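Asker: next come a sequence and a model predicted from it.
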Amino acid sequence: MARNTLYNKVWDAHVVTQLPTGQFQLFIGLHLTHEVTTPQAFDMLKERNLDVAYRDRTVATVDHIIPTDNMARPYADPEAENMMAALEKNTRDFNVKFLNFDSGRQGIVHVIGPELGMVHPGMTVACGDSHTATHGAFGSIAFGIGTSQVGNVLASQCLSVDPLKVRRIEIDGELGPGVEPKDVTLYIIRQLGVQGGVGYAYEYAGKVFDDMTMEGRMTVCNMAIEGGARVGYCNPDQTTYDYLKGREYAPGDDVWDKAVEHWQSMASGPDAEYDDVVKFNGADIPPMVTWGVTPGQSVGVDEGLPDPSSFEGADSATAELAYKHMQFVPGQQMGSVNIDVAFIGSCTNGRLSDLRSAAEIARGKQVSDGVQAIVVPGSQQVKKQAEEEGLDKIFTEAGFEWRNAGCSMCLGMNTDKLVGDQISASTSNRNFVGRQGSPTGRTLLMSPAMVAAAAVTGKVTDVRDL
Amino acid sequence: MSENKVQTITGKAIAIHGNDIDTDRIIPARFLKALSFAELGQYPFNDERFDENGKPKDHPFNRASSEGAKLIFANSNFGCGSSREHAPQSLGRWGISGLVAVSFGEIFAGNCEMLGMPAAMATPEDIATLQETSDRNPLAEFTMDLNQMTVSCASESVSVPITIAEGRRMSLINGHWDSTGTLVANLDKAKSVYESLPYTSGYK
Ligand code: SF4
């Protein structure tokens, strides 16, 4: 059993009681909600005559279904319009804070929580969305949950949970040129497998993470779930505190030192014990690209595709399925693959530093003929800041579309979808069959710089060669 | 609430072969736009069961023999990916009452529990036996027993042990899986935790 890790400390501070089933009732410090996973939960409250227990710990926004081009109401898609109307009504009826468009703070739920300074070290966070793990970048323990559990958190601000084991993933050394946090997280998933994290919280540690920005840490923690871990986190440090300082919901100057002292006390101690420790070297991580239908099916961009028989048991069947869906062949180089769509955005890579990194590559170049390239900022604030820096100009002059904030083509619940078996280079987090809105569509996950490089060359390109 | 007790489930079983069957495959995102779960029973594995023109493809869920099946036998990491409760909801509303797999995506397994659907585990070898048995005889009746912790099929002389987190097993067999009431009953205790947390009072 792990001891004295951040996970253990946060757990101990938030346990309400042990339930008769043996599970634990855990208090949730911040509940983030959005339109897709709440309507049935609010209905449950109404049916059972329950109220929202802690409004001050609950906030809503809208991200999954909204169009990112023509935002005029009613939305062209009646189902999207209904979902939006339901959220408007539910947040009004239950008096829950709703960061809608006119607040200037709307955006992907995992982008706005951090940028508004709502997520603090030592907190528990829950959201009806699997990428809630993102918030672990701040040293919080953040659970993705389903709709019935959203109902539980609304009604009680608590979840019933089993404890997790803790695995420390330590990456020392230096990342090479052109290697981004996205590559780090894809590399970890490739090494440990998409199921490797089942039953674990992942603690990301070592020089690579010490040197990483908060936005980079968010990218890595975001995809903990893709490695099977329910929760991923980094210990809080000066980088964390500097990021939080001055943000809207961060502690003010009068209590700042006290807050930092508390945050520091929540970090894993020098005597922390783990259920497992794995170590990698940052210098071994190349720019990565996925070739298959799980985020674990990836290669370094200059590596040939693996032979299905090199995988064990059922994984070799998964690889065969992937080859069939992707229409690729073993041994092929990803560098030969032409793309149809480039998507820059999502809760993994829709933040300012991601847009900067993509713009750096796109500057002064042109999107390749026949490629549709779209940039979807993660939030209204990211969009505004990017425009202040002139990133929108760089993108539009290069032939990218510059959109409004939302999830967009990460999951194709709005009108941004792949068509037929189009191939997309995407900064999102899932390459599952059908994920980007077309049952036969094909997704290649990569970093923002790599997607920008693919957009301007028309094919998968090693960003180090540009 | 004895009617909530989930102890044994008896019925035909469907083998779903393959690792890492994600929730996007179980229920594609476009079906998440419904404001209620009521209709979801029509759509599990939709894009694998029907082509673009709605013509049925060969899929275990489309076979006549699968009609009325109550159990799913799956391989590892079944239900990985998104937190959408729509995935177990669609399976449950189609008629599935319990699942046995080598392993599950964790949020998926938690969602199953919230719906009173046991998601139990068995070894890869035992899963292979179960899948092979139901593939060979799709009409065979299996019983998942949460007291004995077995899945068995008397007519085929098959019985394998299953595991499930003890807390989950207890909440299912005692009918406490609908946890909202339990959590709300402890609101007083939750309040003292709330008050003890430095951040809820602004670190004052
Ligand atoms: S950007 Fe994608 S992964 Fe993130 S919350 Fe939206 S749909 Fe989910």
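Answerer: Received, thanks.
Asker: in chain B, which helix is the longest?
Answerer: helix B:124-136 (DSSP state H).
Asker: send me it as PDB with only the CA atoms.
Answerer: Presented in PDB, the C-alpha positions along helix B:124-136 are these (Å, rounded to 0.1, in the frame of the first residue of the first chain):
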ATOM      1  CA  PRO B 124      -8.300 -15.100 -19.700                       C
ATOM      2  CA  GLU B 125      -8.500 -18.900 -19.800                       C
ATOM      3  CA  ASP B 126     -11.900 -18.900 -18.100                       C
ATOM      4  CA  ILE B 127     -13.200 -16.100 -20.400                       C
ATOM      5  CA  ALA B 128     -12.000 -18.200 -23.400                       C
ATOM      6  CA  THR B 129     -14.000 -21.100 -22.000                       C
ATOM      7  CA  LEU B 130     -17.100 -19.000 -21.500                       C
ATOM      8  CA  GLN B 131     -16.800 -17.400 -25.000                       C
ATOM      9  CA  GLU B 132     -16.200 -20.700 -26.700                       C
ATOM     10  CA  THR B 133     -19.200 -22.200 -24.900                       C
ATOM     11  CA  SER B 134     -21.600 -19.500 -25.800                       C
ATOM     12  CA  ASP B 135     -20.300 -19.200 -29.400                       C
ATOM     13  CA  ARG B 136     -20.800 -23.000 -29.900                       C
END
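Asker: contacts made by it with the rest, please.
Answerer: For helix B:124-136, the surrounding residues in contact (C-beta atoms under 8 Å, 6 or more residues apart in numbering or on different chains) are A:313-314, B:12-15, B:17, B:73-76, B:100-102, B:122, B:140, B:142, B:151, B:153, B:156, B:158, B:160-161. Every residue, glycine included, has its C-beta placed from N, CA and C.
Asker: going by neighbour count, list what's buried in it.
Answerer: B:Asp126, B:Ile127, B:Ala128, B:Thr129, B:Leu130, B:Gln131, B:Thr133, B:Ser134 (16 or more other C-beta atoms under 10 Å in any protein chain shown).
Asker: which one of those is nearest to the ligand?
Answerer: B:Ile127 (29.7 Å; C-beta to the nearest ligand atom).
Asker: and that closest one, what's its pLDDT?
Answerer: Confidence at B:Ile127, expressed as pLDDT, is 98.
Asker: residue of chain B nearest the ligand, please.
Answerer: B:Ser82 (7.1 Å).
Asker: what's the domain layout of chain A?
Answerer: A:6-161, A:165-238+A:264-284, A:288-465 (automatic domain parsing).
Asker: related to what we said a few turns ago, so can I have a markdown table of the buried residues of helix B:124-136 showing distance to A:Thr5?
Answerer: Formatted as a markdown table, these follow (distance: C-beta to C-beta, whole Å):
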| residue | distance to A:Thr5 |
| --- | --- |
| B:Asp126 | 34 |
| B:Ile127 | 33 |
| B:Ala128 | 37 |
| B:Thr129 | 39 |
| B:Leu130 | 38 |
| B:Gln131 | 39 |
| B:Thr133 | 43 |
| B:Ser134 | 43 |
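Asker: just the ones of the contacts of helix B:124-136 in helices?
Answerer: The members of the contacts of helix B:124-136 that map onto helices under DSSP H are A:Gly313, A:Ala314.
Asker: what's the strand ranked longest in chain B packed up against?
Answerer: The longest strand of chain B (DSSP state E) is strand B:8-16. Contacting strand B:8-16 under the criterion 3 or more C-beta pairs under 8 Å, 6 or more residues apart in numbering or on different chains; DSSP states H and E are the following elements: strand B:71-74, helix B:124-136, strand B:141-145.
Asker: quick check: angle from the last one to helix B:124-136?
Answerer: Looking back up the chat, that one is strand B:141-145. 150 degrees (axes from the mean of the first three to the mean of the last three C-alpha atoms, to 10 degrees).
Asker: can you point out the buried residues in strand B:141-145?
Answerer: So for strand B:141-145, counting by 16+ other C-beta under 10 Å, buried means B:Glu141, B:Phe142, B:Thr143, B:Met144, B:Asp145.
Asker: using JSON lines, lay out the residues you listed together with pLDDT and distance to the ligand.
Answerer: Output for those, formatted as JSON lines (pLDDT from 0 to 100; distance: C-beta to the nearest ligand atom, whole Å):
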{"residue": "B:Glu141", "pLDDT": "98", "distance to the ligand": "40"}
{"residue": "B:Phe142", "pLDDT": "98", "distance to the ligand": "36"}
{"residue": "B:Thr143", "pLDDT": "98", "distance to the ligand": "38"}
{"residue": "B:Met144", "pLDDT": "98", "distance to the ligand": "33"}
{"residue": "B:Asp145", "pLDDT": "98", "distance to the ligand": "38"}
